[in-house]
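Chemist: sharing a sequence plus its predicted fold:
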Amino acid sequence: MHLPSALMRSIAIRVGTAAGVAALTLGLAASPTPAHDHDDVRTPTLTGFASLPAQTYVPASDPSGAALGTAPINGVVPPFADQPVQGFSGIVRGGGGAYEVLSDNGFGAKANSADYALRVQRLAPVFRTGAIDVLGGFHLTDPDGKVPFPLTRPDRVLTGADFDVESITRAVDGTYWIGDEFGPFLLHFDRTGRLLSAPVSLPGVFAPENPYLAGGTPNLGGSKGFEGMAISPDGRYLYPLLEGTVTGDPAGALRMYEFDLRAGAYSGKRWTYQLDSPAHAIGDAIAVDANRFLVIERDGGQGDAALVKKIYLADRRDRDRDGALDKTLVVDLLNIANPKRLGGFGPVFRFPFTTIEDVIVLDDKTIAVLNDNNYPSSSGRTPGLPDNNEFITIRLPKSLHPDGRTLR
């Protein structure tokens, strides 16, 4: 049945207030199981599990999902009275045990996301209870008119019809650089989400949604722009990674570029990340040190049909001289040891989601991974039900030896 507006607001308030108070009482953003308890692990091991209910909304926000129709999707009936807290596609530390997580363009396409306001959500996982606190967040806006092409909203709050934001880093000065897939563009925002300069185009590469295409032929697939973006440990360079292959490049070859923040321009250097299969996609890319990156690679399956959900350590030094970043498997997200049965799951934990788009290094042997739940469309955990937003921590058997500056 159709979820009435009052009920959806009630759900959002319950998640954002009552559950949050209980979680805070037990300890805000409690750490996962201490690392020293797992120093002898021989296989990647689940050490923390927290989940945010799929039907979590920003209280008293704008209606959304009008272009989704009115038929149930995984048991949820659109449109929605508020903005869903969903679609996590990038993560940075937020301080005090919290994290800032980037929601993507909304409902999966430019045509159906004009009523989704682009937003950075502030979250705190509470591993003692398995809950995730929503502590607020901020919209991405362009009040100063930096975007030279027309926007959807007259108040210049950016929407999923304007940009498809999929990756985020924080610069040394505290501002944010965000990677977009529609251009693809690089977008620079201040600490409140205000756009600081015009979108930076990628020379010679155009997605079908690019507003400057002007009837030309795109050479990149739709929404296949900057899915991942790392920042160098010294804060000088961005390393945006395309999700799709540029026309004319070998099948499954993805370009990684270098953008010099000091010069405000691309340096001209680029590398290749080679997918295991051209049918795969990447979900995120972050720096471990000056030369190595963690990259999520996945297939398009979910649930029992999910076969490839992996995180690789990719090295741009190309020691085997094959022309691509060297890849070393770090963790198979479909085969994680779970000896403590965290989350109520069995001894082998699977992260079987269509899109897994967030990874962050917590210490030399621990990473955190989040899914993009594509609300309300994905149902990888339970068929017929919309996926929750899950936040897991994984203890690795070997140290990543990260540059300490990437842990700040």
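Modeler: All right, it came through fine.
Chemist: where's the residue nearest the centre of the chain, which helix or strand?
Modeler: In the chain, the residue lying closest to the centroid (Cα atoms, centre = their mean) is Ser89, at 1.6 Å. Ser89 is part of strand 88-95 when elements are defined by DSSP states H and E.
Chemist: who does that strand pair up with?
Modeler: Partners of strand 88-95 in the sheet, by DSSP bridges, are strand 98-103 (antiparallel).
Chemist: may I see the buried residues of the strand it pairs with?
Modeler: Ala98, Tyr99, Glu100, Val101, Leu102, Ser103 (16 or more other Cβ atoms under 10 Å). From N, CA and C alone the C-beta is placed, and that goes for glycine too.
Chemist: with the residues you listed in mind, which one is nearest to Asn371?
Modeler: Asn371 has its nearest neighbour among the buried residues of strand 98-103 in Val101, at 11.1 Å by Cβ to Cβ.
Chemist: wait, doesn't the closest one sit right on Asp358?
Modeler: Yes. With contacts defined as Cβ atoms under 8 Å, Val101 counts as touching Asp358 at a distance of 6.8 Å.
Chemist: what sits in contact with each of these two?
Modeler: Shared contacts of Val101 and Asp358 (Cβ atoms under 8 Å, 6 or more residues apart in numbering): Phe88, Gly90, Ile91, Leu370.
Chemist: count the neighbours of the last one for me.
Modeler: What it means is Leu370. 29 (other Cβ atoms under 10 Å).
Chemist: assign Arg405 to helix, strand or coil.
Modeler: What DSSP: H, G, I helix; E, B strand; the rest coil gives for Arg405 is helix.
Chemist: what's the closest non-adjacent residue to it?
Modeler: Leaving aside its sequence neighbours, Arg405 sits nearest to Pro233 (Cβ to Cβ, 6 or more residues apart in numbering; 4.1 Å).
Chemist: one more: Leu213?
Modeler: The shortest distance from Leu213 to any non-neighbouring residue, by Cβ to Cβ, 6+ apart, is to Phe206 (5.3 Å).
Chemist: with Gly303 instead?
Modeler: Spatial nearest neighbour of Gly303, excluding adjacent residues (Cβ to Cβ, 6+ apart): Gly380 at 4.9 Å.
Chemist: can you check Val58 too?
Modeler: The shortest distance from Val58 to any non-neighbouring residue, by Cβ to Cβ, 6+ apart, is to Gln83 (4.5 Å).
Chemist: only C-alpha atoms, please: export the helix or strand containing Ser267 in CSV.
Modeler: Assigned by DSSP H and E, Ser267 falls within strand 265-274. The C-alpha trace of strand 265-274 is given here as CSV (Å, rounded to 0.1, in the frame of the first residue of the first chain):
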residue,chain,number,x,y,z
ALA,A,265,44.9,21.8,-14.1
TYR,A,266,45.4,18.3,-15.3
SER,A,267,49.1,17.4,-15.3
GLY,A,268,49.0,15.4,-18.5
LYS,A,269,49.9,12.2,-16.7
ARG,A,270,47.5,9.2,-16.7
TRP,A,271,47.5,5.5,-15.9
THR,A,272,45.3,2.5,-16.7
TYR,A,273,43.3,0.3,-14.3
GLN,A,274,42.5,-2.9,-16.2
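Chemist: enumerate the positions of it that are buried.
Modeler: So strand 265-274, judged by 16+ other Cβ under 10 Å, has buried residues Tyr266, Trp271, Thr272, Tyr273, Gln274.
Chemist: same check, this time on stretch 331-343
Modeler: The neighbour-count check on stretch 331-343 (16+ other Cβ under 10 Å) flags Val331, Leu333, Leu334, Ile336, Ala337, Asn338, Leu342, Gly343 as buried.
Chemist: can you list contacts of it?
Modeler: 33, 41, 43-49, 51, 130, 306-311, 345-352, 356, 367, 369, 392, 394, 396.
Chemist: hmm, try it at 7 Å
Modeler: Outside stretch 331-343, the residues that touch it by Cβ atoms under 7 Å, 6 or more residues apart in numbering are 43-46, 49, 130, 306, 309-311, 345-352, 356, 369, 394, 396.
Chemist: among these, which are in strands?
Modeler: Applying DSSP state E to those, the entries found in strands are Thr45, Leu46, Phe49, Lys309, Lys310, Ile311, Val348, Phe349, Ile356, Val369, Ile394.
Chemist: nearest to Gly225, out of those residues: which one, please.
Modeler: For the ones in strands among the contacts of stretch 331-343, the nearest to Gly225 is Ile356 (18.2 Å; Cβ to Cβ).
Chemist: burial of that closest one, as a residue count?
Modeler: Residues lying near Ile356 (other Cβ under 10 Å) number 25.
Chemist: Met256 is in what secondary structure piece?
Modeler: Assessed by DSSP H and E, Met256 sits inside strand 253-260.
Chemist: sheet partners, orientation included, of that strand?
Modeler: Strand pairing for strand 253-260, determined by DSSP bridges: strand 237-242 (antiparallel), strand 265-274 (antiparallel).
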